[in-house]
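Trainee: Have a look at this prediction, sequence included:
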Amino acid sequence: MLLELTNLCKKYSYGDKSFYAVRDVRLSLNSGDFAIIAGRSGSGKTTLLNLIGGLLSPSSGKVVFDGSDLMSLSDRDLSALRNEKIGFIPQGYSILSNLTVLDNVRLPYFLHRRRGDARDRALALLKEIGIEHLANAYPKSLSGGELRRVAIARAFINNPKLLLADEPTNDLDTESAGYVMKLFSRAAAEGVSVLLVTHDPDIIAYGYRIYQMRDGRLY
Amino acid sequence: MAQALTPHKLSRFNLKRKPFRTYALTIVVSVLSFVLFGGSLVSISLKNGLGGLEARFGADLIVVPLGHESDQKALLLTGKPSYFYFDKGIADKLKELDGISKLSTQFYLTALSASCCSVPVQIIGIDPASDFTISPWIKESVGGNIEKGALIVGSDIELEDNKHIRFFDKDYPVAARLDETGTGLDQSVFASIETIKDLYQRARQKGLNFLAGTDPEGSISSVLIKVKDGYGIERLITDIRRSMDGVQIIKTQGLIGSISRSLGNFISFFKLFAITFLVITLLILSVVFSATANERKKEFATLRLLGATRKRLAAILLWESLYISGMGGVIGTGIAAAIVFPFNVYIADRIGLPYLMPSPIWIATLLTGSLITAVAVGPTASAYLAVKLCRPQTYLTFREGE
């Protein structure tokens, strides 16, 4: 088992009111699984991804990834785990404007100690995703779709075991969306576990396991 | 090989891509380090100048001809040359008064020496037998009194061969050069009474008549007095005023005291100004760093989800502030050094107070202190933000538009 969520809850309180963004979620993923969580905006999908990535700590429940209970890890160990084993494609534009496309893709490689410069690997990923010609461009000259592709290439730089993607086909045309989804399918076929959240019904068909999320609960 | 994206490299990229903000903050820190280094260097030079003045002033009172008090003060403080005379009998009359422990006379000339100076220098004739102000200092430097016919030069007098100085077409041997004091004495030449009379005669032969027909043997420029212990300076001043007319009396304690007060005010003002400027710089940098924190929330969140530790985020921020304050510190101290060192004579002249630059070790200490303070400003200003970044779950959520 690569990922196991047990009774996972995330509760927020504002004054005397409180609500659950994520409620009693249970989920297991093995290597090579391709799971898609569909749901409306505000249903708790992004919060769930942040809990799985160790970016948020749960109010209760457990996240066990690759044998480690995330909440028992120090910031350093948790950051290292996220860097080495999880590829994260966040919602919106997450490309650093001060770095070139190539450096944005190489960036995760340098966030923990490694040898080499990852240049060839980054260029190969850019080529695979069809934007190798933009390697030396700065993000401000890229379209929304191109920025999304950069984020996807970046997620693969450290050969992750788990790929977390939050609305990865936003800003992409149908053809590009299809291309990206095929890329995820291929990654899953190569043993990477893929967990994708979306509200786009057109891409649900790519997943092997489909879930619905409503009011913080997973169905 | 492409360069590694270490925290300090990321910081440099961030600074390069925000040139206006980077340069503006660098200028603010530059001004701070300029004020710290330049201001403290000038303050200490003035303090040293005052120290030099106190150390070389053995006299309690200086009696000069009426109307020449300011000339005498300018001569002592800034080396502005002048000459004035009164009857030697004044000194004899003064000797008759009670309350005088030591008394000595001086004779002044001014001369343009092509061999050393483009402006006239002050020549001070002293009587080694009675002098108690300059002679001990000369003895300290030369190991004896001034030889007949020889001259002693102040530290600022430059000589061609270091052995002779030419006045009125005659080369005079230079017996020694005195240590720097930061006072007008540095721009003066000292001679025994016999030698200065020779200088006077040569000047006359050249058509320069300092005394306009008066007998030089019977003239002096000033009388220096040391008051007897327990007599009281004010009492002696009253005695002198009662016994003679046509003289002015300068209290050296008052002269030093007024300089000391002006200097004290200047240093207090400088300290207040430097502290205020330090606080303002810290505030400006803190406000700018905090203001950019919101715009950079997404950048930090991205780094976090890519696996950056909180410490690494703080390191990026601290490196940025360190680069800014480091550049500012070096530029500011560099400009201060480029102004203060070459123009220190001009600065001293403009301030009109004794001015003596500190030793190289002191300068190095001031430079290091100013640099450290300026360099520390950036990280100090960004420390709060860095600590905030290190708090759990500060930048953990990542939503578009958040």
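Mentor: Received it, and whenever you're ready, just let me know what you need.
Trainee: Get me the contact residues on chain A for chain B.
Mentor: Within chain A, the positions near chain B by CB under 8 Å from any CB of the partner chain are A:46-47, A:50, A:53, A:55-57, A:75-76, A:79-84, A:86, A:88, A:90-99, A:102-103, A:106-112, A:117-119, A:154. Yep, even glycine has a C-beta here, placed from its N, CA and C like the rest.
Trainee: Okay, and residue 136 sits in which element?
Mentor: I'll assume chain A. Assigned by DSSP states H and E, A:Asn136 belongs to no helix or strand.
Trainee: not what I meant, chain B
Mentor: Going by DSSP H and E, B:Pro136 is part of helix B:135-142.
Trainee: before we move on, what about A:Met213?
Mentor: With DSSP H and E as the criterion, the answer for A:Met213 is strand A:209-214.
Trainee: That strand packs against which elements?
Mentor: Judged by 3 or more CB pairs under 8 Å, 6 or more residues apart in numbering or on different chains; DSSP states H and E, the packing partners of strand A:209-214 are strand A:34-39.
Trainee: what's the following helix or strand after the strand it packs on?
Mentor: Counting by DSSP H and E, the next helix or strand C-terminal to strand A:34-39 is helix A:45-52.
Trainee: For chain B, what's its nearest residue on chain A.
Mentor: A:Asn83 (2.3 Å; CB to the nearest CB).
Trainee: which SS class is the residue most central in space within chain A?
Mentor: The centre of chain A sits closest to A:Leu164, judged by CA atoms, centre = their mean, with a distance of 2.3 Å. State at A:Leu164, reduced to three classes by DSSP: H, G, I helix; E, B strand; the rest coil: strand.
Trainee: That one: what's it in contact with?
Mentor: A:Leu49, A:Ile52, A:Gly53, A:Ile86, A:Gly87, A:Phe88, A:Ile89, A:Leu195, A:Leu196 (CB atoms under 8 Å, 6 or more residues apart in numbering or on different chains).
Trainee: Flag every buried residue along the lengthiest helix in chain A.
Mentor: Counting residues, the longest helix found in chain A (DSSP state H) is helix A:174-189. Across helix A:174-189, burial judged by 16 or more other CB atoms under 10 Å in any protein chain shown covers A:Ser176, A:Ala177, A:Val180, A:Met181, A:Leu183, A:Phe184, A:Ala187, A:Ala188.
Trainee: With just CA atoms, put it into PDB.
Mentor: Presented in PDB, the C-alpha positions along helix A:174-189 are these (Å, rounded to 0.1, in the frame of the first residue of the first chain):
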ATOM      1  CA  THR A 174      -9.500  19.700 -25.400                       C
ATOM      2  CA  GLU A 175      -6.600  18.400 -27.400                       C
ATOM      3  CA  SER A 176      -4.000  19.500 -24.800                       C
ATOM      4  CA  ALA A 177      -6.200  18.200 -21.900                       C
ATOM      5  CA  GLY A 178      -6.300  14.800 -23.700                       C
ATOM      6  CA  TYR A 179      -2.600  14.800 -24.200                       C
ATOM      7  CA  VAL A 180      -1.900  15.600 -20.500                       C
ATOM      8  CA  MET A 181      -4.300  12.900 -19.300                       C
ATOM      9  CA  LYS A 182      -2.600  10.400 -21.600                       C
ATOM     10  CA  LEU A 183       0.700  11.400 -20.000                       C
ATOM     11  CA  PHE A 184      -0.800  10.700 -16.500                       C
ATOM     12  CA  SER A 185      -2.100   7.300 -17.700                       C
ATOM     13  CA  ARG A 186       1.300   6.400 -19.000                       C
ATOM     14  CA  ALA A 187       2.800   7.400 -15.700                       C
ATOM     15  CA  ALA A 188       0.300   5.200 -13.900                       C
ATOM     16  CA  ALA A 189       1.200   2.400 -16.300                       C
END
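Trainee: Looking at it now, give me its mean pLDDT.
Mentor: When pLDDT is averaged along helix A:174-189, the result is 86.
Trainee: Distance from it to the middle of the chain?
Mentor: 14 Å (CA atoms, centre = their mean, to the nearest Å).
Trainee: Please apply the same query to stretch B:361-370.
Mentor: That offset, for stretch B:361-370, works out to 15 Å (CA atoms, centre = their mean).
Trainee: ok, and what's touching it?
Mentor: So stretch B:361-370 is contacted by B:33, B:36-37, B:40-41, B:44, B:329, B:332-333, B:336-337, B:357-358 (CB under 8 Å, 6+ apart).
Trainee: ok, now stretch A:14-28?
Mentor: A:1, A:3-12, A:35, A:44, A:47-48, A:51, A:58, A:61, A:211, A:215-218.
Trainee: if we go to 6 Å?
Mentor: A:1, A:4-5, A:7-12, A:44, A:47-48, A:216-218 (CB atoms under 6 Å, 6 or more residues apart in numbering or on different chains).
Trainee: so which of those residues is the most crowded?
Mentor: Most neighbours among the contacts of stretch A:14-28, by other CB atoms under 10 Å in any protein chain shown: A:Leu48, with 30 neighbours.
Trainee: Would you list the phi and psi of the nearest residue to that one once chain neighbours are set aside?
Mentor: Leaving aside its sequence neighbours, A:Leu48 sits nearest to A:Val22 (CB to CB, 6 or more residues apart in numbering or on different chains; 5.2 Å). Listed backbone geometry of A:Val22 is phi -130, psi 130, with angles given as degrees, to the nearest 10.
Trainee: quick one, what contacts residue 43?
Mentor: You didn't say which chain, so I picked chain A. By CB under 6 Å, 6+ apart, the neighbours of A:Ser43 are A:Met213, A:Arg214.
Trainee: Chain B was what I was after
Mentor: B:Ile267, B:Phe270.
Trainee: rerun at 8 Å
Mentor: B:Phe266, B:Ile267, B:Phe270.
Trainee: Report the contact partners of the second one.
Mentor: Contacts were defined as CB under 8 Å, 6+ apart; by that measure B:Ile267 touches B:Ser43, B:Leu46, B:Lys47.
Trainee: element containing the second one, please.
Mentor: Spelled out, it's B:Leu46. Applying DSSP H and E, one finds B:Leu46 within helix B:19-56.
Trainee: Now that helix: buried residues?
Mentor: Neighbour count says helix B:19-56 has B:21-22, B:25-26, B:28-50, B:52-54, B:56 buried, by 16+ other CB under 10 Å.
Trainee: average pLDDT for stretch A:212-219?
Mentor: Here the average pLDDT along stretch A:212-219 is 87.
Trainee: how far is it from where the chain is centred?
Mentor: 18 Å.
Trainee: Just the endpoints, please. Distance across that stretch?
Mentor: Terminal residues of stretch A:212-219 lie 5 Å apart, using CA to CA, to the nearest Å.
Trainee: ok, residues contacting that stretch?
Mentor: Around stretch A:212-219, the neighbours that count as contacts under CB under 8 Å, 6+ apart are A:10, A:19-27, A:37-40, A:43-45, A:47-48, A:197, A:211.
Trainee: cool, stretch B:338-355 as well?
Mentor: B:38, B:41-42, B:45-46, B:48-50, B:52-53, B:77-78, B:156, B:181-184, B:259, B:262-263, B:357.
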